[in-house]
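Engineer: Could you work out the structure for the sequence below:
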Amino acid sequence: MLTEGQVRQYHQRGFLLLPELLDKDLLESAQANLSVDHPSAQAYFKDPDQYPLYSQTQFSLKRFPFSSIEVNSLLVADDILGAATQLLGSEDIRLNKGELWAKYAGAIDYDQAFHRDFGNHTLLVPRQDQLYKELSIFIFLSDVDEQSGPTAVLPRSLTDPIAFAEMQLPEQLSFEPEQEEFLAVGPAGSVLFYSYDVFHRATQMTGRGKARMTVLGDYRCADATWISRQGWPEAGHQRAMIEFLSSATPQQRALFDIPLPGHHYWNEQTLRDMASRYQGMDLEPYRMAAE
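Structural biologist: Predicted coordinates:
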């Protein structure tokens, strides 16, 4: 999926931007269903007062599962998972978080200070040797230029000497952050990958009539159980989650800690009751492995 150079860049710099990574059909089907959870740019700017949420908080996001299975599918797309397993160095990974984030120019101040994400993702601190990291991704569902509030990221080489006790950039630095920051710009379908210990920030949306739609995801190795962001069982009654899991593959369900075929959890009783809870779920792979 990724070249050796791209994997090396991710580990050395702490981030990697891949333009137009998503399959075109997958991108277009997701874009066509975004307005189920957020207004389109045209609808929002026609009458912003109809959507007060976006002027109350910059974190105007919908948590996974989203209302559209087409948008949900982005976080388990082959291109995304192929890259994630390479960057995390494991075939056995889990999804920690999914968010659909909408931003509209002029709605609110989107500017942020540089920060690290791991402070509310784990009670531990990251290791510096790249083991047990969390991978975060931003999937661009709209074109992002310098006026669209692109994410700014600082290379790891500049910030690695800063102790992990520091979640914000210290005041005294040997460099000017705004001169060293990398702005993640690119067309819809691009994906930004970054590590949860990398300093980054949201920037202001300055372009008139600009809107930005992004799907965010966090992934970890299966054995890094101390990293967490979103509990999936709390969504167990939601129609969107039931629909998503019913249509997913066993490998995709494993991202949500549903045991793979062959695990001793699966027996005649659990197969029967799962078929009742998730009507339409193909349980044949689990049944064959159990037999």
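Engineer: hey, where'd the strands end up in the stretch 1-150 of the chain?
Structural biologist: 15-18, 61-63, 93-104, 134-140 (DSSP state E, counting those that start in this stretch).
Engineer: what are the pairing partners of the third one, and which direction each?
Structural biologist: Applying DSSP bridges to the sheet, strand 93-104 is found paired with strand 61-63 (antiparallel), strand 211-221 (antiparallel).
Engineer: I'd like to know which of the ones you listed lies nearest to Leu74.
Structural biologist: Taking Cβ to Cβ, strand 211-221 is the member of the strands paired with strand 93-104 nearest to Leu74, at 5.2 Å. Bear in mind the C-beta positions are built from the backbone N, C-alpha and C, glycine included.
Engineer: on that earlier part again, for the strands paired with strand 93-104, which one ends up most surrounded?
Structural biologist: strand 211-221 (a mean of 23; mean count of other Cβ atoms under 10 Å).
Engineer: Ile69 touches Met241, doesn't it?
Structural biologist: No. The pair formed by Ile69 and Met241 falls short of the contact definition of Cβ atoms under 8 Å, at 10.3 Å.
Engineer: returning to what we had before: format the strands paired with strand 93-104 as JSON lines; extra columns: distance to Gly236 and mean pLDDT.
Structural biologist: JSON lines is the format used below for the strands paired with strand 93-104 (distance: least, Cβ to Cβ, whole Å; pLDDT from 0 to 100):
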{"stretch": "strand 61-63", "distance to Gly236": "14", "mean pLDDT": "96"}
{"stretch": "strand 211-221", "distance to Gly236": "20", "mean pLDDT": "98"}
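Engineer: export the ones you listed to a markdown table and tack on distance to Ser40?
Structural biologist: Formatted as a markdown table, the strands paired with strand 93-104 follow (distance: least, Cβ to Cβ, whole Å):
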| stretch | distance to Ser40 |
| --- | --- |
| strand 61-63 | 15 |
| strand 211-221 | 8 |
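Engineer: Which one, of those, ends up nearest to Val198?
Structural biologist: strand 211-221 (13.0 Å).
Engineer: Pull the distance from whichever helix or strand comes after that closest one to the chain's centre.
Structural biologist: Moving toward the C-terminus from strand 211-221, the next helix or strand (DSSP states H and E) is helix 239-247. Centroid separation for helix 239-247 versus its chain: 19 Å, with Cα atoms, centre = their mean, to the nearest Å.
Engineer: buried residues in stretch 236-252?
Structural biologist: Neighbour-count burial for stretch 236-252, counted by 16 or more other Cβ atoms under 10 Å, picks out 240-245, 248, 250, 252.
Engineer: so which two of those residues are the farthest from each other?
Structural biologist: Every pair of the buried residues of stretch 236-252 checked by Cβ to Cβ; the farthest is Ala240 and Pro250, at 19.8 Å.
Engineer: just to revisit the earlier point, so which of the strands of the stretch 1-150 of the chain has the densest surroundings on average?
Structural biologist: Most buried among the strands of the stretch 1-150 of the chain, counting by mean count of other Cβ under 10 Å: strand 134-140, with a mean of 24.
Engineer: Look up the closest residue to Tyr98, ignoring the ones flanking it.
Structural biologist: No, residue 98 isn't Tyr; it's Gly. Spatially, and ignoring its direct neighbours in sequence, Gly98 is nearest to Phe64 (2.8 Å; Cβ to Cβ, 6 or more residues apart in numbering).
Engineer: Ok, His121 next?
Structural biologist: Arg229 (5.2 Å).
Engineer: tell me how far the ends of stretch 108-125 are from each other?
Structural biologist: 32 Å (Cα to Cα, to the nearest Å).
Engineer: could I get the strands of the stretch 1-150 of the chain as JSON lines with distance to Ala84?
Structural biologist: Output for the strands of the stretch 1-150 of the chain, formatted as JSON lines (distance: least, Cβ to Cβ, whole Å):
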{"stretch": "strand 15-18", "distance to Ala84": "11"}
{"stretch": "strand 61-63", "distance to Ala84": "19"}
{"stretch": "strand 93-104", "distance to Ala84": "6"}
{"stretch": "strand 134-140", "distance to Ala84": "6"}
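Engineer: Among those strands, which comes closest to Gln112?
Structural biologist: strand 93-104 (11.9 Å).
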